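Peer 1: give the three-dimensional model of this entry:
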Amino acid sequence: MWKECVNLIINKKDKTQEGLEQIVAIKSKMNLGLSNLLKKEFPNINCLDRQTYLTNNDRLDPDWVSGFIEGDGSFYIYIRAKTNHVNAALSIGLNIR
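Peer 2: Numbers count the residues shown, from 1 in each chain. Alright, predicted model coming up:
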């Protein structure tokens with residue numbers, strides 16, 4: 001799910017209404033789902049069911065995996081109160097230690 005969102009962002013799909021709605025739909029099946037505010041702002045989003053994890057034979061870049069695992073990666077969607085803009089973001093935080 002995270003990879004799907006990253007690919008949408010890489011392909012600049014998050015800049016379109018349809019792409020942003022795809023990201024919000026994906027978010028609906030992650031962790032706690034959509035907040036009440038996101039449900040209000042995106043009333044036409046059909047919340048998706050969480051899928052079971054299936055492995056495949058795709059090879060991941062070891063540098064990417066290592067960097068992600070060493071950090072603390074998070075994907076989130078937020079709405080700016082002043083402008084009412086919805087933003088999707090990927091955050092990878094590193095501990096100073």
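Peer 1: okay, CA-based contacts and neighbour counts for the rest of this
Peer 2: OK.
Peer 1: show me the contact partners of the longest helix belonging to the chain.
Peer 2: Assignment by DSSP state H gives helix 17-28 as the longest helix of the chain. Residues outside helix 17-28 that contact it (CA atoms under 8 Å, 6 or more residues apart in numbering) are 1, 5, 8, 13-14, 33-34, 42, 45-48, 76-77, 88.
Peer 1: please repeat the previous calculation with a cut-off of 6 Å.
Peer 2: The contact list for helix 17-28 (CA atoms under 6 Å, 6 or more residues apart in numbering) reads C5, K13, D14, L34, C47.
Peer 1: just the buried ones from those residues?
Peer 2: Applying a neighbour-count criterion of 16 or more other CA atoms under 10 Å, the buried members of the contacts of helix 17-28 are C5, K13, D14, L34.
Peer 1: okay, those in TSV with pLDDT, secondary structure and distance to D72 next?
Peer 2: As requested, those are exported to TSV (pLDDT from 0 to 100; DSSP: H, G, I helix; E, B strand; the rest coil; distance: CA to CA, whole Å):
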residue	pLDDT	secondary structure	distance to D72
C5	87	helix	17
K13	92	helix	24
D14	88	helix	22
L34	86	coil	21
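Peer 1: between the residues you listed, which is nearest N84?
Peer 2: Top of the list for closeness to N84, among these and by CA to CA, is D14 at 16.0 Å.
Peer 1: leaving out the residues flanking it, which one is nearest to the closest one?
Peer 2: With sequence-adjacent residues excluded and distances taken as CA to CA, 6 or more residues apart in numbering, D14 is closest to L20, at 4.8 Å.
Peer 1: repeat that for L34.
Peer 2: S28 (5.0 Å).
Peer 1: quick one on the thing from earlier: ok, the buried ones among the contacts of helix 17-28 vs P62, which is closest?
Peer 2: In terms of CA to CA, no member of those lies closer to P62 than C5, at 19.7 Å.
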